[in-house]
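I need the structure of the sequence given here:
(chains A and B, ligands or ions: 1)
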Amino acid sequence: MQVTLKIFRYNPETDKKPHYETYKVEAEPTDRVLDLLEKVKGEQDGTLTFRRSCAHGVCGSDAMRINGMNRLACKVLVKDLGTDHITIEPLLGLPTVKDLVVDMEPFFEHYRSVKPFFINNDPPPQKERLQSPEERARFDDTTKCILCAACTTSCPSFWLDGQYVGPAAIVNAHRFIFDSRDQGAEERLKILADQFGVFRCHTIFNCTLACPREIQITKAIGEVRKAIATGRLD
Amino acid sequence: MKPRKVPTPGWNFEYLMWLFTRISGAAMLLLALIGFVGALIMGARYHMDLGTLMRWTFFPNPNHVLNSDIPDIAPWANAYWQIMQLLLVFFGATHGFNGLRLVLEEYIHSWGWQLALRLVLMILWLITLGAGFFLVLTS
Ligand code: FES
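Below you'll find the predicted structure:
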């Protein structure tokens, strides 16, 4: 089948304004959108710029807006889109560097702000810090995050001016807050109870819809909110 | 393993306002329903159009609605309806101004401006509350 791609183009060195360019490519229904981008870059226009790495939905490099939805280009098949007209744009809410590449730094700044690492100052035990399967299951969902930024950049609260810490940072805080081996919950919950923390979430659910890993993000945000409200971690 | 520490829940402003927004939203719906049903019970069935009914619903005080055509307005002029109105005014104004505060904080980046405008909002909120309460209590 023939597919028409409408791609957002912007080169800060030559363009005053971004524009859209249209490309026609031959595609199989089972091709991924990433394959089409590669085809355009390889066969039609070598200047097209986008990020990709693993091509298997693991590294989180190629989140972009595909027909208006935040998706990983390497996880969306042409037939899933149900149309032969595909519009591809960079993520919203982060500055566009070139074409489909956005500056991820504001995103990672929020990510770092919640201390997304294991905190436990006890001397490590001989072998390992044990945890029951139930305790492990408590935060299993939020361990799946690949930091692709699809959720945070789908969130209207984040679009406004990027002060909101954003769903991805909360998901990664949740992963440690509810880990029975971690002792940093107090610090993290204090950070998230702040003016631009969890209470900026208006329960819009865009993040949950956008997540390519199907993490129940809004639920995780609710659990963090509950921990702040009740002072309990169960 | 040491027990894990969590900050004691307390007077966290953002949390309280978040809670208040939800509670006041539901409360306003309930209060409006009470005013609405009250107006119907007190004879608004035959004489009122939608606009008048809305006025009674959201501001159930006979003195504020001159030609409501309600045959007997005496039942409205008591402390029960005054409390209803005070609650509606309080919930409505606070809910609304808190919403404005959020919009403002989300759009204005400069710390100084944010503080100044929050102060302005606070004053406007107090004036609105004052005017509303004055009207309800003196009429
Ligand atoms: S390229 Fe790695 S997630 Fe798509």
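
neighbours around B:F13, how many?
11 (other CB atoms under 10 Å in any protein chain shown). From N, CA and C alone the C-beta is placed, and that goes for glycine too.

and it, how far is that from B:V6?
19 Å (CB to CB, to the nearest Å).

Please report how far the closest residue to A:A27 other than its chain neighbours lies from the ligand.
Using CB to CB, 6 or more residues apart in numbering or on different chains and skipping the chain neighbours, the partner closest in space to A:A27 is A:V3 (4.5 Å). According to CB to the nearest ligand atom, to the nearest Å, A:V3 and the ligand sit 19 Å apart.

Return the alpha-carbon coordinates of the host helix or strand of A:V3 using CSV.
Using DSSP states H and E, A:V3 maps to strand A:2-9. Extracted in CSV, the C-alpha atoms of strand A:2-9 (Å, rounded to 0.1, in the frame of the first residue of the first chain):
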residue,chain,number,x,y,z
GLN,A,2,1.0,3.6,-0.5
VAL,A,3,1.2,5.8,2.6
THR,A,4,1.3,9.6,2.7
LEU,A,5,3.5,10.9,5.5
LYS,A,6,3.2,14.5,6.7
ILE,A,7,6.2,15.2,8.8
PHE,A,8,7.0,18.2,10.9
ARG,A,9,10.2,19.8,9.8
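
strands paired with it, and their directions?
Strand A:2-9 pairs in its sheet with strand A:19-26 (antiparallel), strand A:85-89 (parallel), by DSSP bridges.

Deepest in the core, which of those strands is it.
strand A:85-89 (a mean of 19; mean count of other CB atoms under 10 Å in any protein chain shown).

which residues sit in contact with B:G25?
Residues in contact with B:G25 (CB atoms under 8 Å, 6 or more residues apart in numbering or on different chains) are B:H95.

separation between it and the ligand?
40 Å.

quick one: pLDDT of that residue?
pLDDT, B:G25: 95.

Report the separation between the two terminal residues of stretch A:197-205.
One end of stretch A:197-205 sits 16 Å from the other (CA to CA, to the nearest Å).

any idea which element the closest residue to A:L160 other than its chain neighbours lies in?
Spatial nearest neighbour of A:L160, chain neighbours left out: B:E106 (4.2 Å); criterion: CB to CB, 6+ apart. For B:E106, the element it lies in under DSSP H and E is helix B:79-107.

Which SSE is immediately downstream of that helix?
helix B:111-138.

what's the offset of that following helix from the middle of its chain?
Distance of helix B:111-138 from the chain centroid (CA atoms, centre = their mean, to the nearest Å) equals 13 Å.

pretty sure A:L209 is touching A:S154, no?
Yes - using CB atoms under 8 Å, A:L209 is in contact with A:S154, at 7.3 Å.

what's the closest of the strands paired with strand A:2-9 to the ligand?
Of all the strands paired with strand A:2-9, the one in closest proximity to the ligand, counting by CB to the nearest ligand atom, is strand A:85-89 (13.5 Å).
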